[in-house]
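fold the following.
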Amino acid sequence: MAQTRKVGPFSVNPVGFGCMNVSHAYGAPMEPSEAQDFLLQALDAGYDFFDTAALYGAGENEKLVGKALRARRGEYVLASKCVLGFNDGQRVLDGRPKTIKRFCEESLQRLGDEVIDIYYLHRRDPSVPIEDSVGAVADLVSEGKVIALGLSEMSVETLIRANDTHPVAAMQSEYSLWSRNPELGVLYTCLELGVAFVAFSPLARGFLADTPPNPTEFHPSDIRRNMPRFSAENYAKNLGLLEKLKPLADAAGLSISAFALAWVLTRGKHVIALPGTTSHTHMLNNIVAGDHELDSELVAQADLIFAPENIVGNRYPSGAQKQIDTEQFAFELTEITK
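Below is the predicted model:
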């Protein structure tokens, strides 16, 4: 078993479990009873860091996580998120202190819990000073409803300002061979500040799975249908990168997905990978990624193949991309202004 890594006051497996997939984003959600069984199977398999959010499934994901796992609460670290959520059925981005505190109360109720271990600001609300949003979570820590503060998809500047207000335990951002924006700064600032870096979508929303998805077969509700990298023209070009990666994975004696997860974990001992899946086989394979050692030469070759300028298409449509407070590559900024 791989050595544990720190997130706030907790020690966890290097690979956590992203719960979003079971009820949100990538196609039809699992049936609730099936999802609950699946989450328990993940706990039994050794996952000890579960990540959910008020946004996922409009709160249904938190209900599933709580119902499935709360009887074994002492066996895992629980993370959830606020700022992004729903109000009267409408999706909102609201980082005002009073809203953050309301979100927390609602999440605790859905989870059937008394405390959230890591509570993330899911996005930065540009209309609210980050110090005010962080201060609200600091209040929740003082009240015993939250153990530690996390941020998600935020920049170096925002991280430093937040950490000056209240200690930040974790920064969660998209990070994989296919999405390397954190290397523009926040990955290294986290190391300097003693903040865990939690990499969501470490398998590039399925692109780095052993069998990459076919975008023409995406479910109507699949969020990838609107992502530029999955457009027919861009996706065809990006597939060429996988052909170059496979020999490296073969040389390491690993599948492409195992290589990709292991690559994420080479980026620092403060990095935790957070894949999500609804496949029992993938769930079992992902948990052992921390056991794999990659040769430094193979890592360097993978870095070159997946150099950011070789990726075709932005992470998000322009409207969504503008809402993300992370550093961006020059080619992304060019795409946004078109």
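
Glu114: how many residues sit nearby?
9 (other Cβ atoms under 10 Å). Where C-beta positions appear, they are placed from N, C-alpha and C, glycine not excepted.

so what's it up against?
108, 144-145 (Cβ atoms under 8 Å, 6 or more residues apart in numbering).

count of residues packed around Leu40?
Neighbours of Leu40 using other Cβ under 10 Å come to 14.

circling back: which members of the contacts of Glu114 are classed as buried?
108, 145 (16 or more other Cβ atoms under 10 Å).

just to be sure, which of the contacts of Glu114 are found in helices?
Of the contacts of Glu114, the ones assigned to helices by DSSP state H are Leu108.

and the longest helix seen in the chain, C-alpha only, in PDB?
The longest helix of the chain (DSSP H) is helix 232-252. What follows is helix 232-252 as a C-alpha-only set of coordinates in PDB (Å, rounded to 0.1, in the frame of the first residue of the first chain):
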ATOM      1  CA  ALA A 232     -15.100  16.300 -33.200                       C
ATOM      2  CA  GLU A 233     -12.300  18.300 -34.900                       C
ATOM      3  CA  ASN A 234     -10.300  18.800 -31.700                       C
ATOM      4  CA  TYR A 235     -10.800  15.400 -30.300                       C
ATOM      5  CA  ALA A 236      -9.500  13.700 -33.400                       C
ATOM      6  CA  LYS A 237      -6.300  15.700 -33.100                       C
ATOM      7  CA  ASN A 238      -5.900  15.000 -29.400                       C
ATOM      8  CA  LEU A 239      -6.200  11.300 -29.900                       C
ATOM      9  CA  GLY A 240      -2.800  11.300 -31.600                       C
ATOM     10  CA  LEU A 241      -1.300  12.100 -28.200                       C
ATOM     11  CA  LEU A 242      -2.500   8.800 -26.800                       C
ATOM     12  CA  GLU A 243      -0.700   6.900 -29.600                       C
ATOM     13  CA  LYS A 244       2.500   8.500 -28.500                       C
ATOM     14  CA  LEU A 245       1.800   7.800 -24.800                       C
ATOM     15  CA  LYS A 246       1.100   4.100 -25.200                       C
ATOM     16  CA  PRO A 247       4.700   3.000 -25.700                       C
ATOM     17  CA  LEU A 248       5.700   4.800 -22.500                       C
ATOM     18  CA  ALA A 249       2.900   3.100 -20.600                       C
ATOM     19  CA  ASP A 250       4.000  -0.200 -22.100                       C
ATOM     20  CA  ALA A 251       7.600   0.400 -21.100                       C
ATOM     21  CA  ALA A 252       6.400   1.000 -17.500                       C
END
